[in-house]
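Visitor: quick one, fold the following:
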Amino acid sequence: MRVALSGGPFAREAKFLGEPLMRTRLDGMFEGYASLFRIADMGKDVVEPGAFRESLVRRGPSGVKLLWQHDPAEPIGRWLSLVEDSRGLFVRGQLSLAVGRAREVHVLMREGAIDGLSIGFRPEKARTEPRTGLRRLERVDLWEVSLVTFPMLPQARVSAVKAVRRAPAFRNA
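Guide: Residues are numbered from 1 along each chain as shown. Next up is the predicted model:
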């Protein structure tokens, strides 16, 4: 689902992406893919490799907010790293467990009730294929990545298995 977050010249959109987060550490750290390349989501958007590159250089992890359900009034942590790899946008974040909502989200993540990641962005360069109706996002300005209830791209899965094995504090719960 594509959701407009605001109007005017600074209009942003939100893309929902399925990402199970059951391997969440007790300290609130987690990782997963916030976007996968070349896979059409339910809103008929396809993120192309390199789409985040310029935005990540410009903003860095501290310039991209970690929100709950795309709500700017609900920051729940911070991003430690956001990296494009050959598969998509890989993110590593930490919930701020001193924040009540973050503690709630943490419990829900550990129980497997919350397992979605979603990007909030402004498209900078995109093209729509007339035949298929797919919108190819070639460059986006990434504003935020949210933990969400309903993901947009359910095919995405956690890729943190190696990190889980290296870090015994991760638990399946």
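Visitor: okay, now the unreliable bits of the chain?
Guide: Counting by pLDDT under 70, the chain contains low-confidence ranges at 1-25, 151, 153-173.
Visitor: what strand or helix carries the residue of it most remote from its centre?
Guide: The centre of the chain is farthest from one residue, Arg131, which by Cα atoms, centre = their mean lies 28.7 Å away. Under DSSP states H and E, no helix or strand contains Arg131.
Visitor: please apply the same query to the one 10 residues further on.
Guide: For Asp141, the host element (DSSP H and E) is strand 135-148.
Visitor: with Leu108 instead?
Guide: With DSSP H and E as the test, Leu108 turns up in helix 100-110.
Visitor: and after that helix, which helix or strand comes next?
Guide: strand 116-128.
Visitor: quick check: buried residues in that following strand?
Guide: Gly116, Leu117, Ser118, Ile119, Gly120, Phe121, Arg122, Pro123, Ala126 (16 or more other Cβ atoms under 10 Å). Where you see a C-beta, it was placed from the backbone N, CA and C, and this is true even at glycine.
Visitor: is the first one bridged to anything, and to what?
Guide: Okay, so that is Gly116. On the basis of DSSP bridges, Gly116 is bridged to Gly18, Val148.
Visitor: how much space separates it from Leu147?
Guide: Separation of Gly116 from Leu147 (Cβ to Cβ, to the nearest Å) stands at 7 Å.
Visitor: grab the most central residue of this protein for me.
Guide: With distances taken as Cα atoms, centre = their mean, the residue of the chain nearest its centroid is Ala34 (3.0 Å).
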